[in-house]
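starting from these lines, generate the structure:
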Amino acid sequence: MYLRFRICRWLDREDFRRIASMASYLGRRDGCSWFELTTDISNVDKLTDIIDTLKSYGAELDKDSRSVLEKLLEESSIVEIYASPKGFLLRSKRLLTDYLAVFRDKGVVRYSRALRGFVVKPYALLDVIERLRHEGFSIHDRTGLLGTGSYPISFRGKLRDYQEEAVDTWIRNGYRGVIALPTGAGKTVVALAAMARLSVPTLIVVYTREQLVEWMDKIEKFTSLSKSSVGAFYSDEKSVKPVTIATYQSAFRNIGLLFDKFSLLVVDEAHHLPADKFRAIAESVLAPYRLGLSATPYREDGKHEELFRLVGGVVYERSIEDLMSAGYIASFEIIPVLVDLSRKELEEYKRLRKDYLVLARGRRVEELVKAASMGDESARKALQLLARIRRILALSKSKLEKARSIIEAEYMRGSKIIVFTQYVDQAQAVGKELGIPVVTGKTEKSKRKIIFELFKHNRLKALVLTTVGDEGIDIPDANVGVVLSGTASRRQFIQRLGRLLRPKPGKSAKLYYIAIRGTQEEATLRKLLRSL
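Numbers count the residues shown, from 1 in each chain. Got it, this is the predicted structure:
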């Protein structure tokens, strides 16, 4: 291909010399000087600069050259997007460096010599596309992941007004963001409605196998998809289908099997995502559309900012109080219960705490753990003392007696009761004392399933859960919770409260929080109450 042009005005020696540095002189015809560009016209950025310069001298392209230039400019405005294990790959005949500079500064775009293009982190692709379109580029998707409606899904449920608002807000935000609703407010149903609106291949990441099973059940109940058409991806099974549900662990370990097959990534219990190995899921799966679900997206360690970067910020949020006042979740009462250590327990507690403070030397628990792992003997001994202190508080006779009296009284009222504990030995002590089932992380899955089924169908009226019950368990009928131990995490507190708040006519929930007076437990309780 070539470009020929004419200049019909007089050119002095200097003008002619400058033009001749860019083009070959062909001679005079019809009173005009004719030239042919000698520059590599495939370099469109350089070519457009030259054309602009020549126009300043009155240059006019002939008819054929105008057609060639128009075709070149049209082709150069195309940005092609490909899939790669490193991220989305952008290629164009134009130099994109200046257009992508802001994204390179943020660390979400880099140039790869090996791949001959710009590599974009999946969660940033839509922002990059928006910028390029604003600059006049045409986007050609070679991945098949950017279109909508490619995998039709119908929603068969009926959304409450706030659920409809949540879906609409997420869509207006470009099919990205976190929806924050209390436990029991129907986040899964919201996600299924969102999936149906987008209708694309979808990867759903869940925290536990129990959650995976619950998602399977709800997909079959609320959408046009059957269980057999949904892939289950976890330790015992690795089935990949256009809609696939995977546990965090399995998705992380097998990211190479999943990264390029889905347009939408749904992250349940999204507050877990900033953990280093789980973050790799969001950074590796190419899905440009993203939905995070969480009752408590804000983390005490500030890592929710990382979550928002990977999935999108909180686009819709409703509090427990909002939904309770509207009648969507049960009303609730939090009842703080303070008890005292026995004289013997108190003496032992004070002695151990004094020794602990000496050894800890003002270091936080996380700092002690790190120091102990590096061979610090004082840190190791401090942690041993801390474990003994916690055991005294957990197994306090007065705490267990108070739990017994509360549970017996609520049992007589016909309540369904969950006892929450932080420690296995405490859970086992309560279970033995009251003769009620205990579920820990080590409980066999088959046994755990039987216990939950019996509880759901009123064959059991009470059960004890360790932290395994804080997330991912659907127990719709419990109306009384008894907290015997926990952390200072607001997220854990909200999750436990949420287990009791699922809507039911005339239902009111109560959460008893038993703490030892004058200890860190009391301070933690007061902090949690202030956080609501």
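
for this protein, what helix or strand is lowest in average pLDDT?
Scoring the helices and strands of the chain by mean pLDDT, DSSP states H and E places helix 490-498 at the bottom, with a mean of 69.

what strands flank the following helix or strand past that helix, and is each parallel or antiparallel?
Next along the chain after helix 490-498, taking DSSP states H and E as the criterion, comes strand 508-516. According to DSSP bridges, strand 508-516 forms sheet pairs with strand 331-339 (parallel), strand 480-483 (parallel).

out of these, deepest packed?
For the strands paired with strand 508-516, average neighbour numbers computed from mean count of other CB atoms under 10 Å are highest in strand 480-483, which has a mean of 25. The C-beta positions use only the backbone N, C-alpha and C, and glycine is treated the same way.

shaky segments in the stretch 301-450 of the chain?
The stretch 301-450 of the chain contains residues with pLDDT under 70 at 301.

and the helices in it, which stretches?
Taking DSSP state H, counting those that start in this stretch, the helices of the stretch 301-450 of the chain run over residues 304-311, 320-325, 343-360, 365-373, 377-394, 397-412, 424-434, 445-456.

what residues of the first one count as buried?
Right, helix 304-311. 304, 306, 307, 308, 309, 310, 311 (16 or more other CB atoms under 10 Å).

now do the fourth one
Within helix 365-373, the residues that qualify as buried are 368, 371, 372, counting by 16+ other CB under 10 Å.

the shortest one too?
Within helix 320-325, the residues scored as buried using 16+ other CB under 10 Å are 320, 323, 324.

how close does the closest residue to residue 398 other than its chain neighbours get to residue 466?
Using CB to CB, 6 or more residues apart in numbering and skipping residues adjacent in sequence, the residue nearest residue 398 is residue 339, 4.2 Å away. From residue 339 over to residue 466 the distance is 21 Å, taken as CB to CB, to the nearest Å.

swap in residue 512?
For residue 512, the distance to residue 466 - CB to CB - is 17 Å.

in the sheet, who's paired with residue 83?
Under the criterion used (DSSP bridges), residue 83 bridges to residue 88.

from residue 222, how far out is it?
For residue 83 relative to residue 222 (CB to CB), the value is 31 Å.

circling back to that earlier point, how about the helices of the stretch 301-450 of the chain in JSON lines, adding distance to residue 483?
Formatted as JSON lines, the helices of the stretch 301-450 of the chain follow (distance: least, CB to CB, whole Å):
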{"stretch": "helix 304-311", "distance to residue 483": "24"}
{"stretch": "helix 320-325", "distance to residue 483": "16"}
{"stretch": "helix 343-360", "distance to residue 483": "20"}
{"stretch": "helix 365-373", "distance to residue 483": "20"}
{"stretch": "helix 377-394", "distance to residue 483": "12"}
{"stretch": "helix 397-412", "distance to residue 483": "10"}
{"stretch": "helix 424-434", "distance to residue 483": "11"}
{"stretch": "helix 445-456", "distance to residue 483": "18"}
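
okay, whichever strand or helix holds residue 205 in CSV with CA atoms only?
If you go by DSSP H and E, residue 205 is part of strand 202-206. Below are the C-alpha coordinates for strand 202-206, written out as CSV (Å, rounded to 0.1, in the frame of the first residue of the first chain):
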residue,chain,number,x,y,z
THR,A,202,-21.2,-18.3,36.1
LEU,A,203,-18.8,-19.5,38.7
ILE,A,204,-20.1,-19.4,42.3
VAL,A,205,-17.5,-19.7,45.1
VAL,A,206,-18.7,-20.7,48.5
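
so which residues make contact with that strand?
The contact list for strand 202-206, computed with CB atoms under 8 Å, 6 or more residues apart in numbering, reads 151, 191, 195, 212, 215, 242-248, 251, 258, 261-269, 281, 285, 287, 472.

show me the residues you listed that map onto strands.
Of the contacts of strand 202-206, the ones assigned to strands by DSSP state E are 243, 244, 245, 246, 247, 264, 265, 266, 267.

now do the contacts for residue 99.
By CB under 8 Å, 6+ apart, the residues touching residue 99 are 131, 132, 135, 137.

pLDDT value on the first one, please?
Each residue has a pLDDT score; the one for residue 131 is 94.

please apply the same query to residue 468.
64.

same check on residue 482?
Looking at residue 482, the pLDDT reads 90.

before we move on, back to that, the more surrounded of residue 83 and residue 222?
Taking other CB atoms under 10 Å, residue 83 and residue 222 do not tie; residue 222 has more neighbours (21 against 18).

follow-up on the earlier one: in CSV: the strands paired with strand 508-516, plus distance to residue 90.
Shown next, in CSV, are the strands paired with strand 508-516 (distance: least, CB to CB, whole Å):
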stretch, distance to residue 90
strand 331-339, 51
strand 480-483, 51
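
closest one to residue 114 among those strands?
Among the strands paired with strand 508-516, strand 480-483 comes nearest to residue 114, with 54.8 Å by CB to CB.

run through who's touching the closest one.
Identification of contacts with strand 480-483 by CB under 8 Å, 6+ apart yields 403, 406-407, 410, 415-420, 496-497, 499-500, 509-514.

swap in 6 Å and give it another go.
403, 406, 410, 415, 417-420, 500, 510-513 (CB atoms under 6 Å, 6 or more residues apart in numbering).

domain-wise, how is the protein divided?
Following the TED database, one gets these domains for the chain: 3-61, 77-141, 161-326, 333-341+396-530.

mind putting those into CSV with distance to residue 347?
CSV is the format used below for the domains of the chain (distance: least, CB to CB, whole Å):
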stretch, distance to residue 347
domain 3-61, 81
domain 77-141, 55
domain 161-326, 33
domain 333-341+396-530, 9
